[in-house]
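Participant: okay, sequence plus prediction incoming.
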Amino acid sequence: MLEIHGLNVYYGDVHVLWDVSLNVSAGEIVTIIGPNGAGKSTLLKAVVNLLKPATGEKEKGKISFMGQDLTPLSPEDTIRLGIAIVPEGARVFPDMTVLDNLKIGSYAGPARARRKQTLKEVFGLFPRLKERLNQKAKTLSGGERQMLAIGRALMSRPALLLLDEPSLGLQPLLVVKTFAAVSEINRRGVSVLMVEQSVQFSLEISNRAYVLENGRIAAEGKARDLLQNDHIKKFYLAL
Ligand SMILES: Nc1ncnc2c1ncn2[C@@H]1O[C@H](COP(=O)(O)OP(=O)(O)O)[C@@H](O)[C@H]1O
Ligand SMILES: [Mg+2]
């Protein structure tokens, strides 16, 4: 479904991603783990072309989605194609209501005509959002804001959801709930590519994972194998 081959990304003269190749098949949850500064967010942004203005296009490599080359597309075009991203830190529009934030997610393409139906589905997943429809986003708790950010991404009816550290800053109970929601979203037919620091929890719900270190893929494999991997145990699971 998503294929990245030989991707290199530079910020100015700084080479941040080195020959990164990865793929996500339809139906999978794939997780990218790695330390701070490894290039995980950069990788997700590269997929939906959020990098270009910042980097002045020194990007090399191939990224395709369902056979289509993503390189020439704008971020909006990638949404229309069926990719949605939830950026790091659950950024939502603070002064807009929950409902208006959700509606913005269905602005592009055919998702608009199905807005009502999709809203129902999002409320089924996150009933809390329905209770807070007319509340301004800035008054939500951290967990609720993360739900809203994910809900907004789902409003575009993506085939592939990109999640950048969805559990960041959440208390342990909410971390568990967030991953349960990601699993449920996946069961409903959405493929997921997720960046996470909660390695144990994220690998438990993932099919496969990649370890990104210093901008390079250092390891990859089935999630349950990586949970047994000595390097991962030592550096990421603190066992
Ligand atoms: N807009 C930017 N301009 C310059 N350097 C950046 C920019 N964004 C990230 N970087 C640098 O690129 C590297 C990778 O960052 P990032 O992708 O955010 O890593 P991660 O998400 O794994 O923590 C870091 O060294 C970071 O400082
Ligand atoms: Mg990051």
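Facilitator: Thanks, I have the structure now. Ligands and ions are numbered 1, 2, ... in the order given.
Participant: for the chain, what lies in contact range of ligand 1?
Facilitator: 11, 16, 34, 36-42, 54 (Cβ under 6 Å from any ligand atom). Backbone N, C-alpha and C define where each C-beta goes, glycine included.
Participant: and the pLDDT for Lys234?
Facilitator: Lys234 is assigned 87 on the pLDDT scale.
Participant: residues near it, how many?
Facilitator: Residue neighbour count, defined by other Cβ atoms under 10 Å, stands at 10 for Lys234.
Participant: circling back: lowest pLDDT pick from the residues of the chain next to ligand 1?
Facilitator: Minimum confidence in the residues of the chain next to ligand 1 sits at Ala54, scoring 49.
Participant: so which bits of the top helix by length along the chain are buried?
Facilitator: Secondary structure of the chain per DSSP state H: the longest helix is helix 172-187. Neighbour counts over helix 172-187 (16 or more other Cβ atoms under 10 Å) mark 174-175, 177-179, 181-182, 185-186 as buried.
Participant: from those residues, which two are the most distant?
Facilitator: Leu174 and Asn186 (18.7 Å; Cβ to Cβ).
Participant: all strands of this structure, in order?
Facilitator: Shown for the chain, the strands assigned by DSSP state E span residues 2-11, 14-24, 29-33, 60-65, 68-69, 83-86, 160-164, 191-195, 208-213, 216-222.
Participant: given the third one, what are its sheet partners and their directions?
Facilitator: Just to be clear, that refers to strand 29-33. Next to strand 29-33 in the sheet, as set by DSSP bridges, lie strand 191-195 (parallel), strand 208-213 (parallel).
Participant: make JSON lines from these and add distance to ligand 2, mean pLDDT and mean neighbour count to it.
Facilitator: Shown next, in JSON lines, are these (distance: least, Cβ to the ion, whole Å; pLDDT from 0 to 100; neighbours: other Cβ atoms under 10 Å):
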{"stretch": "strand 191-195", "distance to ligand 2": "6", "mean pLDDT": "98", "mean neighbour count": "25"}
{"stretch": "strand 208-213", "distance to ligand 2": "10", "mean pLDDT": "97", "mean neighbour count": "22"}
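Participant: can you list the residues of the protein near ligand 2?
Facilitator: By Cβ under 5 Å from the ion, the residues of the chain that approach ligand 2 are 40-41.
Participant: and the closest residue to Gly27 other than its chain neighbours, what are its bridge partners?
Facilitator: Residue nearest to Gly27 in three dimensions, not counting chain neighbours: Ser191, with 6.0 Å by Cβ to Cβ, 6 or more residues apart in numbering. Judged by DSSP bridges, the bridge partners of Ser191 are Leu160.
Participant: may I ask which helix or strand of the chain has the lowest mean pLDDT?
Facilitator: Ranking every helix and strand in the chain by mean pLDDT, DSSP states H and E puts helix 52-55 at the bottom, with a mean of 54.
Participant: re earlier: how about the strands paired with strand 29-33 in CSV, adding distance to Gln146?
Facilitator: Formatted as CSV, the strands paired with strand 29-33 follow (distance: least, Cβ to Cβ, whole Å):
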stretch, distance to Gln146
strand 191-195, 13
strand 208-213, 21
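Participant: center of the protein, which residue is that?
Facilitator: Nearest residue to the geometric centre of the chain (Cα atoms, centre = their mean): Leu163, 1.6 Å.
Participant: next up, the contacts around that one.
Facilitator: Leu163 makes contacts with 85-86, 150, 182, 192-195, as judged by Cβ atoms under 8 Å, 6 or more residues apart in numbering.
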